[in-house]
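Chemist: Got a predicted structure here, sequence first:
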Amino acid sequence: MDTLLLWALAGPFAISAALAAAGVGDHRVVGWIGAVGRAIAVAAAAGFWMRAMGGAWPAPDANGLFRVDALSALVAGCVALVGAMSMTLGPGGLWAEGDSPAARRTFQAYGNLFVLAMLLAVTVNNVALMWVAVEATTITSALLVPLHRSKASVEASWKYLLIGSVGIALAFAGTVLAYFDLVTITGQRQAPATWALLMHAAPTLDPGLLRLAFVFLLVGYGTKAGLAPMHTWLPDAHSEAPAPLSAMMSGVLLAVAQYAILRWKAVVDLSPGGAAFTSQVLLAVGLLSVAVGALSLVRQQSYKRLLAYSSVEHSGLVCLGLAFGPAGVFASVLHMMNHALAKSASFLLSGRILSRYGTTDVSGVTGLARTMPATGALFAVGVLALMGLPPFGLFVSEFLLFRAGFLSGHIWETAAALALAGIGFVGLASHAMGMLCGAGPAGVEVGERGRWALTPIVACALALIALGLMLPQFVGSLIGRIVEGMAA
Amino acid sequence: MDKLFSEVAVLGASGVLLCAILLVWRHHIDGYITAFKWQSNVLAALTAAVAYFGDDRDLYWVAALMVAVKGVAIPRLLTRLAARVGQHRESSPLVSTAASLVICGLLILLAYTAARPLQAMAAAPTHGGIPLAIGLMFVSLFVIVSSKKAISQVIGFLMLENAIALLAVLATYGVPLVVELGVFLDALMGFLVMQIVLYDIHDTFNTLDVDALSRLKH
Amino acid sequence: MFNTLGVVVEIAQALLALAVAPLLVGLIRWVKARLQNRRGAPVWQPYAELRKLFGKDTIVSSNASWIFRAAPFVVFGSTVVVALLVPVFVTPLPFNQVADLFALVYLLLLGTFALALGGLDPGSAFGGMGASREMTIASLSEPAIALAMLSLALGAGSTNLGEIAARTIAHPTDALSPGHILAFAALFIVMLAETGRLPVDNPATHLELTMIHEAMVLEYSGPALALVEWASWLKLTVFLTLAANLFVPWGLATSLAAGAIAMAVAATVAKLVVLAIGLAVFETRVAKLRLFRVPELLAVSFVLGLLAVTSSFSLR
């Protein structure tokens, strides 16, 4: 049953990639096959969710290749959902038209591999193999960033590739250091570096070395998570990439990187003095990211870069929450999920706006409410959600996060983060208002086209509202399990 | 025997680091590629030596892979890329050569301080080379940051990978074979993708100068 | 071992080095000539040059002061003292207590300094140019040579030349240690800079604008010039002997027995010849570096020295 679920989760993406690479069949047929397959994958992710609520699979001490516990299930679920949405709405999917066959094939081939790599990263049991999968995500997505060839997109892809690869290499250095610690202390040279083994051995590992390793790991995976000061690639890559890719990168790739940081934090926390150290480091990095993201939001001219910097800010908030103890971890994971939904929806909508208005400038886009009513409304929902307003999920998670911060004693840092989030609020609001209100510019066609393409985004919006009004049982208990699992 | 192993390890690590210093000194892209090739070969030889002294058969495969991928395939692809793109000189780098060399020396000293917790723990005879591996990491990062041509940045990144491989070989006699294979695959794929993007940059900008890649700001 | 035999041997050793220096330089020139497909002057040509110069008149510029006249003696004197300290054939020797590495380096530097002053003194353009270039190179090579020496000293636990050589004789595998090899590389580069060989300075150039050492001595004539030239050849010999006897010290006699000394003489001469030929081949292969690239070369030597020190330190 469990193996079946795993195949059902990964299979559709692999098949779509293979079909695209082989270039067989009419693209509409392939698109439908892909869409159906992805729906199956989302169902499989939901299945994992259910099972994870009952307990990790396989049994926690097993050293099998795959292990889907609560955290894996949550992130895998987000990845599957956002991946399915983006791949279906992107070139070669169901509703996109106007892309060349080559662009469609490239996007489907590499995009599906990208989702597969992310799924692999969160379900595999070995820390080094997780690293291999995360590196694979950089490689597969870097080729897609310059899909629409232009000077800016080529520059963005180079920055992404170089900075991402350097960061990942440093993460590997951290992995090697931690592995060295494990091997020297346990004395077994061929010990498989599974999460269970690491967490079990953590109290006996050398604290100084583990801390050094954590610094490398935070710098490395933090680069992929868009944490300052390693975030410089993010605004460029996320704004120049085609919208569905940006949705995946901003929504779930950041979540996968945060997953890696979370797992390693759990390991380092178990060593003597580790928890205090990780808190300090995560606090510093998180606060810096929130500051950079929020302050940059104010003077953006491109709405895609606006969304990208918002990702930096929210990534910083997630990182910050991890430093606030178990309640903070709860809030962070919830925030990760909410952000994935909101950001991916916003980016997909930005793709529609771009294809209609032809410009990424905020000043060039006005009167969304009149030209594209449905898109405009959903975009407003997305931006309101990202600003952290009720009744959307991000309000709840941010509230919990700041509460955890005050309760855990980090008064000044939480207050600073609150103030910065306020600045970000103002930045987003002012730009979004400008985009939504007013009359549309001349030469822009009025009226909504392709309404069916909006269905997944509407679903996201509803999910955000649901998460904002109440915390459903299946979400709350899963995250509760995650927090427990970190202490074990 | 252990002492010989120790000396061979430190000698090998110094050799690998010296190739990096050679790279900082030269100004020709071809010189960079040669330095990288020698570095990979010395690293492969060191891996084979560790395999011999440390009684680990898997490392022989790793050494062979390293020669095949990093000693032969990648330099050849790089040479072809440099010829295609027509870049043979690194334009005057951000920091003057003499200053770069002194900075490298200081970075190596920094690495020795950073590697103290590692050295205190390490019981293996190869622990003398660990600070050199970390020094190589710092030097590679410096090369990436101070390069003015995209292709030099790629070579700096390849050196960074070599540095971490060196660390793995010296600290834990390499990682499990499965992981090594994955890492090599990733390295090769990563390099191929970088190559593709470099060709893209050349086609779009007509130069590999990193300064041209600065339109996107804030 | 402060006995008369020891003192006699030590002085004899220095005199022998003095006598052999022109021969060594002649050998290097002859090998280079042969490699360049010329017949070249015979190996004892430098002796003929010295004899010629000692027979000539000295002409001193009217702008020169006593510094100009004293400089050749200072250079010659300091280099001979260094030759007394370096373990050429035997170690340890009576003057060993002062045979400190740093004393050696700074004695050689004293010679360079005197020569630079002598170049500046007459007020000629080329003299000033050569002097400034020489001091730049000397100041840049100083940290490099200090580090290389320090790494050797760390390995032996003392900066005493005799002890360093003795230590390497006692532990043969130390010669292969990275600290040693890196220190040798650093020292080799510094030697090229200090003795004015290619790629830093071409000793055979006639173009004044490319000269460094030759420009400083342009004003000297007659016996003064002979002393200066001899001193520079002796400096080269001393450096080569250092390289040979600190890094490959086997063959050095550890006692004053006649047989040991004979073997030591043979061994040292052999090592010097090998090094001289090696140097000649190396010089034929490289081109002269432009002046502003010399600091880069010396920076490489500095980093090598730094690596040598850190390797020796960590492998203790």
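Modeler: Cool, got the structure. Since this is a predicted model, take the numbers as computed values, not measurements.
Chemist: which stretches of chain B have low pLDDT?
Modeler: Scanning chain B for pLDDT under 70 picks out the ranges B:87, B:90-92, B:216-218.
Chemist: Which parts of the stretch 51-200 of chain A are helices?
Modeler: Applying DSSP state H, counting those that start in this stretch to the stretch 51-200 of chain A gives helices spanning A:70-89, A:101-123, A:127-142, A:151-186, A:195-201.
Chemist: So which of the ones you listed is the most surrounded?
Modeler: Comparing the helices of the stretch 51-200 of chain A by mean neighbour count (mean count of other Cβ atoms under 10 Å in any protein chain shown), helix A:70-89 ranks first with a mean of 27. Quick note: C-beta positions are derived from backbone N, CA and C, even for glycine.
Chemist: Might you calculate how far that one sits from the centre of the chain?
Modeler: Mean-position distance between helix A:70-89 and its chain equals 9 Å (Cα atoms, centre = their mean, to the nearest Å).
Chemist: Does anything pack onto that helix? Which helices or strands?
Modeler: Packing contacts for helix A:70-89, counted by 3 or more Cβ pairs under 8 Å, 6 or more residues apart in numbering or on different chains; DSSP states H and E, involve helix A:2-22, helix A:27-54, helix A:101-123, helix A:243-248, helix A:254-269, helix A:325-357, helix A:455-469, helix A:473-487.
Chemist: Where does chain C get nearest to chain A, which residue?
Modeler: Residue nearest to chain A within chain C: residue C:314 (17.4 Å; Cβ to the nearest Cβ).
Chemist: how far away is that residue from residue C:86?
Modeler: Distance, residue C:314 to residue C:86, by Cβ to Cβ, to the nearest Å: 29 Å.
Chemist: which one of the two has more residues nearby?
Modeler: residue C:86 (23 against 19; other Cβ atoms under 10 Å in any protein chain shown).
Chemist: what's near enough to touch that one?
Modeler: If a contact means Cβ atoms under 8 Å, 6 or more residues apart in numbering or on different chains, then residue C:86 has C:17, C:99, C:104, C:161, C:238, C:241, C:242, C:245 as its contacts.
Chemist: okay, those in JSON lines with distance to chain A, secondary structure and neighbour count next?
Modeler: Output for those, formatted as JSON lines (distance: Cβ to the nearest Cβ, whole Å; DSSP: H, G, I helix; E, B strand; the rest coil; neighbours: other Cβ atoms under 10 Å in any protein chain shown):
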{"residue": "C:17", "distance to chain A": "52", "secondary structure": "helix", "neighbour count": "24"}
{"residue": "C:99", "distance to chain A": "44", "secondary structure": "coil", "neighbour count": "25"}
{"residue": "C:104", "distance to chain A": "42", "secondary structure": "helix", "neighbour count": "21"}
{"residue": "C:161", "distance to chain A": "41", "secondary structure": "helix", "neighbour count": "28"}
{"residue": "C:238", "distance to chain A": "46", "secondary structure": "helix", "neighbour count": "25"}
{"residue": "C:241", "distance to chain A": "45", "secondary structure": "helix", "neighbour count": "24"}
{"residue": "C:242", "distance to chain A": "41", "secondary structure": "helix", "neighbour count": "21"}
{"residue": "C:245", "distance to chain A": "42", "secondary structure": "helix", "neighbour count": "28"}
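Chemist: just curious, which of those is nearest to residue B:23?
Modeler: residue C:242 (30.2 Å; Cβ to Cβ).
Chemist: and the closest residue to the closest one other than its chain neighbours, what pLDDT?
Modeler: Nearest in space to residue C:242, with sequence neighbours left out and distances taken as Cβ to Cβ, 6 or more residues apart in numbering or on different chains, is residue C:86 at 6.0 Å. Note on residue C:86: pLDDT of 80.
Chemist: Would you check how far apart residue C:86 and residue C:50 are?
Modeler: Using Cβ to Cβ, we find residue C:86 at a distance of 22 Å from residue C:50.
Chemist: Where does chain B get nearest to chain C, residue-wise?
Modeler: Among the residues of chain B, residue B:101 lies nearest to chain C; the distance is 3.7 Å by Cβ to the nearest Cβ.
Chemist: Now do the contacts for that residue.
Modeler: So residue B:101 contacts B:21, B:24, B:25, C:296, C:299, C:300, C:302, C:303 (Cβ under 8 Å, 6+ apart).
Chemist: Kindly report the same for residue C:85.
Modeler: By Cβ under 8 Å, 6+ apart, the residues touching residue C:85 are C:95, C:98, C:99, C:103, C:104, C:107, C:161.
Chemist: ok, now residue C:211?
Modeler: Contacts of residue C:211 (Cβ under 8 Å, 6+ apart): C:126, C:130, C:201, C:202, C:205, C:218.
Chemist: mind listing which of those are in helices?
Modeler: C:126, C:130 (DSSP state H).
Chemist: Reformat the contacts of residue C:211 as TSV; add neighbour count.
Modeler: Listed next are the contacts of residue C:211 as TSV, based on neighbours: other Cβ atoms under 10 Å in any protein chain shown:
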residue	neighbour count
C:126	17
C:130	25
C:201	25
C:202	19
C:205	16
C:218	18
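Chemist: Nearest to the middle of chain B, which residue? Look it up for me.
Modeler: Centroid-nearest residue in chain B: residue B:159, 1.6 Å away (criterion: Cα atoms, centre = their mean).
Chemist: Now the phi/psi pair for it, please.
Modeler: As for residue B:159, its main-chain torsions (degrees, to the nearest 10) stand at phi -70, psi -40.
Chemist: excluding its backbone neighbours, what's nearest it?
Modeler: Distance criterion Cβ to Cβ, 6+ apart; nearest residue to residue B:159, sequence neighbours excluded, is residue B:140 at 4.2 Å.
Chemist: same question, residue A:30
Modeler: Residue A:30 sits nearest to residue A:19 (Cβ to Cβ, 6+ apart), 5.4 Å away.
Chemist: The nearest residue to residue A:46 once chain neighbours are set aside: what's it in contact with?
Modeler: Leaving aside its chain neighbours, residue A:46 sits nearest to residue A:77 (6.9 Å; criterion: Cβ to Cβ, 6+ apart). Residue A:77 is in contact with A:45, A:46, A:48, A:49, counting by Cβ under 8 Å, 6+ apart.
Chemist: Output the below-cut-off pLDDT ranges for the chain.
Modeler: Went with chain A since none was named. Using pLDDT under 70, chain A drops low at A:1, A:25, A:55-64, A:95-98, A:189-191, A:488.
Chemist: You answered for a different chain; I wanted chain C.
Modeler: Low-confidence segments of chain C (pLDDT under 70): C:1-2, C:90-97, C:255-256, C:315-316.
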